[in-house]
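[1] When you get a sec, could you give me coordinates for this:
(one chain, ligands or ions: 1)
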Amino acid sequence: MDILLWKERLIKLPLGELHLFSEVDSTNLVAEKLIQAGVEPFSLVVADSQTAGKGRQGRDWITRPGEALAFSWILYPEKGRMQPETLGRLSGLGALAVAETIQEKYGLQTEIKWPNDVLIEGRKVAGILVDAHWQGCQLIDVILGIGINVGKKAIPEDVQFNFPGCSLEAAYGSEIDRLDFLVDVLESLLKWYRRLAEISLIKAWNDRLAYKKKLVSLNSPQGLLAEGIVYGVEEDGALILETHRGETRHFHSGEIQLRLVDRS
Ligand code: BTN
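    Model prediction:
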């Protein structure tokens, strides 16, 4: 990754400070330190590789040099946009920006596995990690971390994953320019961020929702939470499931893992 060249392109976007690295532990951890030092809103941390990338539910996230995109976007509460009420929409916003960019730029069909995994043909190509920080009940800042498997070597063959993964280049069938792709994803992120409080975001999320009308299970680290048919995403980002008793239940993302139930 040519840091100067990347900075030259990214500086044209309406972001805050740009912090680009060839290697970090985790861009979300770097973002946390920058926030403590008083970084500007909408600042961006990008790394070519991560040595301790963080996934959801305490899992690791692998980012190999030259093969992926790993970045964190720093947001502070803002009137009419990022607020505790819209926090549940942020993971969908990240997934939507990635999913839409892949589909529009590379013509590949994408879906969003609630809350925020981007799938191509049922395989995970990108994941989002939202780290929100609170002081009591006051939201202080949010780090929107996005990891995308771009190159064919992004996913090591000798590591076992809890969900099948894929890379964008393998799905597309030819090389992808990571910088072009990053700029496109950021433009889409900025577009959807402006619409964070609008219902159009939830509609677009629902349009791409994976497993609609299918039976899924929701699991927490403690075990099975519920099984039900996927109905859609609620205005606050909660998943709506219809259970076999005909009840409608709403789930907020937290530590939940969603799986398709195959009873064939
Ligand atoms: C998941 O699907 O489990 C979420 C993965 C999020 C990975 C990204 S890569 C950039 C940012 N920095 C991290 O340490 N994690 C997120």
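
[2] Do a quick rundown of the strands in the protein.
    18-24, 44-54, 60-63, 68-75, 110-113, 117-120, 123-135, 138-149, 215-220, 223-233, 239-242, 248-251, 257-260 (DSSP state E).

[3] Tell me which of those strands lies nearest to the ligand.
    Ranking those by proximity to the ligand (Cβ to the nearest ligand atom) places strand 123-135 first, at 2.0 Å. C-betas here are computed from N, CA, C, even on glycine.

[4] In JSON lines, list the strands of the chain along with mean pLDDT and distance to residue 179.
    JSON lines is the format used below for these (pLDDT from 0 to 100; distance: least, Cβ to Cβ, whole Å):
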{"stretch": "strand 18-24", "mean pLDDT": "98", "distance to residue 179": "11"}
{"stretch": "strand 44-54", "mean pLDDT": "97", "distance to residue 179": "10"}
{"stretch": "strand 60-63", "mean pLDDT": "93", "distance to residue 179": "16"}
{"stretch": "strand 68-75", "mean pLDDT": "98", "distance to residue 179": "9"}
{"stretch": "strand 110-113", "mean pLDDT": "96", "distance to residue 179": "21"}
{"stretch": "strand 117-120", "mean pLDDT": "96", "distance to residue 179": "19"}
{"stretch": "strand 123-135", "mean pLDDT": "95", "distance to residue 179": "17"}
{"stretch": "strand 138-149", "mean pLDDT": "96", "distance to residue 179": "13"}
{"stretch": "strand 215-220", "mean pLDDT": "89", "distance to residue 179": "36"}
{"stretch": "strand 223-233", "mean pLDDT": "91", "distance to residue 179": "31"}
{"stretch": "strand 239-242", "mean pLDDT": "94", "distance to residue 179": "34"}
{"stretch": "strand 248-251", "mean pLDDT": "93", "distance to residue 179": "37"}
{"stretch": "strand 257-260", "mean pLDDT": "83", "distance to residue 179": "32"}
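
[5] closest to residue 91 out of those?
    Ranking these by distance to residue 91, with Cβ to Cβ as the measure, places strand 123-135 first at 5.0 Å.

[6] Buried residues in that closest one, which are they?
    123, 124, 125, 126, 127, 128, 129, 130, 131 (16 or more other Cβ atoms under 10 Å).

[7] now stretch 31-39
    31, 32, 34, 35, 39.

[8] before we move on, back to that, quick one: closest of the strands of the chain to residue 173.
    Minimum separation from residue 173 across those (Cβ to Cβ) falls at strand 117-120, 11.9 Å.

[9] mind listing what the closest one pairs with, with the direction of each?
    The pairing partners recorded for strand 117-120 under DSSP bridges are strand 110-113 (antiparallel), strand 123-135 (antiparallel).

[10] Keep only the buried residues of strand 123-135 that also lie close to the ligand.
    The subset of these within reach of the ligand, by Cβ under 6 Å from any ligand atom, is 127, 128, 129.
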